[in-house]
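Asks: coordinates only, sequence not included:
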């Protein structure tokens, strides 16, 4: 064993290793320095794949470009010409330049239209967050169980409104006679002739409850809603006479099933969530804002 | 272990590490190149490699983000008004990848200003049928007439007298033709379905379902995924959904 040779060889290997390490470190530092201090190193050579163009670093997205091209040309993107696409791209580049210039000029501080659009934009951004996490079935069913009375079909009725217009002291008795005749099976039109009743607005077809309420008014509608099909109301005194309601058909309002109400449930749930998010957004903004009011504004 | 053996082992480990690194880097570069091709292609559906790559990327995304509403089988839920994605019939657009991509990016009635939100199906059986503009409610008999007319559009048996009255409503006071078009074929710009489709997007074609949707309306919501999924993932989903709808890829296949 030649210890001297081994020692020399070991030293040579150590020097080589250190040299290689140093060269590698120097190369890495040089690349990093180029990237840090060279502006051309920071500028991309091409837009990212999802963008058609970069305008001062801001992308014009392909999806927006395709939608805009289709909108302006009126045909599918595949059928647009290169001239059409170039025109749209140029318009979008110009639009982006104007937007960036608008930001530089702080137009939101002076132009009411820009301010209005920005407020709407921020609120829409909050709304988009509200739909970001769609409620799952369990959440919706829980919401449905506590708000189920909101989700009902409209009731339907076919009702005739007969009026005895007499205002003398015999009027209530006269109306009661008409009711008795109807309840014992008299035909409605025959009863109208026999007792001299009037019918302010005859509607022979079925109507939804809201339409009947609009026609009869709240107090008469309340009476009608309590009648089953085939029932005759007691006389109802009103400023224009004594009313008798004849219920010909009746289908009361029914609660919708969870599936039937599903998209309304989602919409209402999301709307409430949006309202809460907007409220918390404005509380957050106020919380970190420095708002100074003049003395007379605080009175 | 002798010095020579240690050196040999060190060199082997170094080469192995270099080989693994090279493989990882090349895989990453290849994946990025594929994503870039996917994003730049005007018609990715024409490239089988892109469709395969998109399917592989999109299947777990669909399962995690879309299946809750559209179903793991992508057949939707008619009772809840969630459209099926398998039949190559489209509410919004005509099934082009860019159109599907836009729907995923910006949603439907999701509060995104670029989203699909031009119209809802009014609830003609309510006092205020439509929040966007004032339109008259219909009576129950008018709703039945309109329903009978829609049945004729589907080629189903219908009450001819009621359908004739319904046709007048459809083109006139009901305003149905404004969205569903004069021939009932729908309008993919506003998301109004083709009424001749049977079964339809939201009903099975039976009278009860048709009456319910005319009376109670419909306005489904699809979230906007912009900013929550990256652009390549959204593009992949769009390519995958189109491929399934065209029968190029089966649901559950691919990767």
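Replies: Okay, I see it. Since the model is a prediction, treat every value here as computed from it, not as a measurement.

Asks: Residue numbers of the stretch 1-150 of chain B in contact with chain A?
Replies: The stretch 1-150 of chain B comes close to chain A at residues B:3, B:35-40, B:42-43, B:68-69, B:77, B:79-81, B:94, B:96, B:98, B:101-102, B:105, B:107, B:109-114, B:125-127, B:137, B:139-141, as judged by CB under 8 Å from any CB of the partner chain. All C-beta atoms are positioned from the backbone trio N, CA, C, and that covers glycine.

Asks: Next step: the residues you listed restricted to helices.
Replies: B:3, B:35-40, B:68-69, B:98, B:101-102, B:105, B:140-141 (DSSP state H).

Asks: which phi and psi does the residue in the stretch 1-150 of chain A that chain B sits nearest to have?
Replies: Minimum separation of the stretch 1-150 of chain A from chain B (CB to the nearest CB) falls at residue A:127, amounting to 3.0 Å. Main-chain torsions, residue A:127, degrees, to the nearest 10: phi -60, psi -40.

Asks: same deal with the one 4 residues further on?
Replies: Summarising the backbone geometry of residue A:131 under the convention degrees, to the nearest 10, its torsions are phi -90, psi 0.

Asks: Show me where the stretch 1-150 of chain A has its helices.
Replies: A:3-37, A:39-42, A:62-73, A:82-104, A:112-132, A:137-147 (DSSP state H, counting those that start in this stretch).

Asks: Go through those and name the closest to residue B:166.
Replies: For the helices of the stretch 1-150 of chain A, the distance to residue B:166 is smallest for helix A:137-147, at 32.4 Å, taking CB to CB.

Asks: list the buried ones in the closest one?
Replies: Using 16 or more other CB atoms under 10 Å in any protein chain shown as the test for burial, helix A:137-147 gives A:140, A:143-144.

Asks: Roughly how far does residue B:203 sit from residue B:213?
Replies: 6 Å (CB to CB, to the nearest Å).

Asks: More neighbours: which of the two?
Replies: residue B:203 (26 against 21; other CB atoms under 10 Å in any protein chain shown).

Asks: any idea which helix or strand carries that one?
Replies: Taking DSSP states H and E as the definition, residue B:203 sits outside all helices and strands.

Asks: Confidence-wise, which helix or strand of chain B is lowest on average?
Replies: Sorting the helices and strands of chain B by mean pLDDT, DSSP states H and E puts helix B:3-40 at the bottom, at a mean of 86.

Asks: Identify the residue spatially nearest to whichever residue of the stretch 51-200 of chain B sits closest to chain A, adjacent ones excluded.
Replies: For the stretch 51-200 of chain B and chain A, the shortest gap (CB to the nearest CB) falls at residue B:111, measuring 3.0 Å. Leaving aside its sequence neighbours, residue B:111 sits nearest to residue A:127 (CB to CB, 6 or more residues apart in numbering or on different chains; 3.0 Å).

Asks: cool, residue A:91 as well?
Replies: residue A:68 is the one closest to residue A:91 (CB to CB, 6+ apart), at 7.7 Å.

Asks: ok, the one you found touching residue A:92?
Replies: Yes. Between residue A:68 and residue A:92 there is a contact under CB atoms under 8 Å: 6.3 Å.

Asks: quick one: contacts for residue 122?
Replies: I'll assume chain A. residue A:281 (CB atoms under 8 Å, 6 or more residues apart in numbering or on different chains).

Asks: that answer is for a different chain, and I need it for chain B
Replies: Counting by CB under 8 Å, 6+ apart, residue B:122 has contacts B:129-130, B:135, B:217.

Asks: can you pull the contacts of the residue of the stretch 1-150 of chain A closest to chain B?
Replies: Residue A:127 neighbours (CB under 8 Å, 6+ apart): A:274, A:277-278, B:110-111.

Asks: mind checking the backbone torsions on the spatially most central residue of chain B?
Replies: Chain B has residue B:85 as the residue nearest its centroid, 5.6 Å off, counting by CA atoms, centre = their mean. Per-residue torsions, residue B:85: phi -110, psi 10 (degrees, to the nearest 10).

Asks: Which residue, neighbours along the chain excluded, lies closest to it?
Replies: Nearest one to residue B:85, counting by CB to CB, 6+ apart, is residue B:74 at 4.4 Å.

Asks: In three-state terms, label that neighbour for me.
Replies: Following DSSP: H, G, I helix; E, B strand; the rest coil, residue B:74 is assigned to coil.

Asks: pretty sure residue A:244 is in a helix, no?
Replies: No. Under three-state DSSP, residue A:244 falls outside any helix and is assigned strand.

Asks: what pLDDT does the nearest residue to it once chain neighbours are set aside get?
Replies: Sequence neighbours aside, residue A:162 is the residue nearest to residue A:244 in space, at 4.6 Å (criterion: CB to CB, 6+ apart). pLDDT for residue A:162: 95.

Asks: can you tell me the helix or strand for residue A:280?
Replies: Short version: residue A:280 belongs to helix A:258-288, going by DSSP H and E.

Asks: what's the answer for residue A:248, then?
Replies: strand A:241-251.

Asks: So which elements touch that strand?
Replies: strand A:156-164, helix A:171-183, helix A:218-225, strand A:236-238 (3 or more CB pairs under 8 Å, 6 or more residues apart in numbering or on different chains; DSSP states H and E).

Asks: now the angle from the first one to helix A:171-183?
Replies: Which is strand A:156-164. 140 degrees (axes from the mean of the first three to the mean of the last three CA atoms, to 10 degrees).

Asks: Show me what strand A:156-164 is packed up against.
Replies: helix A:171-183, helix A:188-195, strand A:207-208, helix A:209-216, helix A:218-225, strand A:241-251.

Asks: List the contacts of stretch A:55-67.
Replies: For stretch A:55-67, contacts defined as CB under 8 Å, 6+ apart pick out A:47-48, A:50-54, A:77, A:85, A:88-89, A:92-93, A:96-97, A:100, B:39-40, B:98, B:101-102, B:105, B:114, B:231.

Asks: With stretch A:290-299 instead?
Replies: Contacts of stretch A:290-299 (CB under 8 Å, 6+ apart): none.

Asks: Tell me which residues of the strand holding residue A:248 come out buried.
Replies: Neighbour counts over strand A:241-251 (16+ other CB under 10 Å) mark A:241-247, A:250-251 as buried.

Asks: List just the nearest of these to residue A:233.
Replies: The closest of the buried residues of strand A:241-251, once distances to residue A:233 are taken by CB to CB, is residue A:245, at 4.0 Å.

Asks: Am I right that that closest one is in contact with residue A:236?
Replies: Yes. Counting by CB under 8 Å, residue A:245 does reach residue A:236; the two are 7.3 Å apart.

Asks: for residue B:211, what are its contacts?
Replies: B:143-144, B:147.

Asks: if you set the cut-off to 10 Å instead, what comes out?
Replies: A:153, B:125, B:140, B:143-144, B:146-147, B:150, B:203 (CB atoms under 10 Å, 6 or more residues apart in numbering or on different chains).
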